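J.: how would this look folded up:
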Amino acid sequence: MNILLIEDELRVADFIRRGLKAEGWQVEHAPDGETGLELVGAYPFDVVVLDLMLPGISGQDVCQRMRARKNHTPILMLTALDSTDERVAGLKLGADDYLPKPFDFDELIARIEALRRRAHEFSKGASDDVLAHDGLKYDRSALQLSVDGQEVTLSAKERELISMLMASPGKVHSRERILNAVWGTQEDPLTNVVDVYIARLRKKIAPYGDLISTVRGAGYRFGK
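T.: Just a heads-up that it's a prediction; the model follows:
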């Protein structure tokens, strides 16, 4: 995913940029609204993370000008302004979502992913309910996994895990990220629960178990 971050507070921008890059995303930073408008006009981005209180051209103006230019890149407004009136005003200008500071970083990630997913589904006219790779097929609406046409029984956590992995082939998911997404925790309650479930999945999707690879010191990746 390619993200444009428009944020004038350098420490905040550096924190967000490092966190997003850790997710495997490309991040371009603009320290002011004018630079942000130049970048968004010159390059395609999947999501724009936009601070409102910017020097020169405000975040509201950036949003309004983007929409006036028929640029429909999803915009997530990220700001210390947290009143209902401010949120409503930002959404009316064309923003797609609004997250007040201070924020939980996992929520920021989730909101960015949701914006990208909605934009992708809208552009295709339908959601990608079926994930397929080689002889594997996982139907997210029916909650069914098949291997070479044969249905495989999975537990609820195994379904969530295979869906997460297959939805982003080539992306490395850290154990911490998997724990947060599948188990809803930042700490491993069983010390190696992620590794245990990965091992189970590899057996259940044989002969395609090697599609889930271990990236030493980083996590797990689906696909080759």
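J.: which other residues reach stretch 17-33?
T.: Outside of stretch 17-33, the residues within contact range by Cβ atoms under 8 Å, 6 or more residues apart in numbering are 1-8, 10, 13, 16, 36, 38-39, 43, 45, 54-59, 61-62, 105, 108-109, 112, 171-172, 174, 177. From N, CA and C alone the C-beta is placed, and that goes for glycine too.
J.: go again using 7 Å as the cut-off
T.: Outside stretch 17-33, the residues within contact range by Cβ atoms under 7 Å, 6 or more residues apart in numbering are 1-6, 8, 13, 36, 39, 54-59, 61-62, 105, 109, 171-172.
J.: let's see which of those residues end up in strands.
T.: Among those, DSSP state E puts 2-6, 172 in strands.
J.: mind putting those into JSON lines with distance to Lys224 and neighbour count?
T.: Output for these, formatted as JSON lines (distance: Cβ to Cβ, whole Å; neighbours: other Cβ atoms under 10 Å):
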{"residue": "Asn2", "distance to Lys224": "23", "neighbour count": "14"}
{"residue": "Ile3", "distance to Lys224": "26", "neighbour count": "22"}
{"residue": "Leu4", "distance to Lys224": "30", "neighbour count": "23"}
{"residue": "Leu5", "distance to Lys224": "31", "neighbour count": "24"}
{"residue": "Ile6", "distance to Lys224": "36", "neighbour count": "29"}
{"residue": "Val172", "distance to Lys224": "13", "neighbour count": "17"}
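J.: for Asn180, phi and psi?
T.: Note on Asn180: its backbone torsions stand at phi -70, psi -40 [degrees, to the nearest 10].
J.: got it, and Asp148?
T.: With angles defined as degrees, to the nearest 10, Asp148 sits at phi 50, psi 40.
J.: residue contacts, it?
T.: Applying Cβ under 7 Å, 6+ apart as the definition, the contact partners of Asp148 turn out to be Gly135.
J.: gap between it and Leu136?
T.: Asp148 sits at a distance of 8 Å from Leu136 (criterion: Cβ to Cβ, to the nearest Å).
J.: wait, doesn't Lys157 sit right on Ala181?
T.: No. Assessed by Cβ atoms under 7 Å, Lys157 is found out of contact with Ala181, at 10.7 Å.
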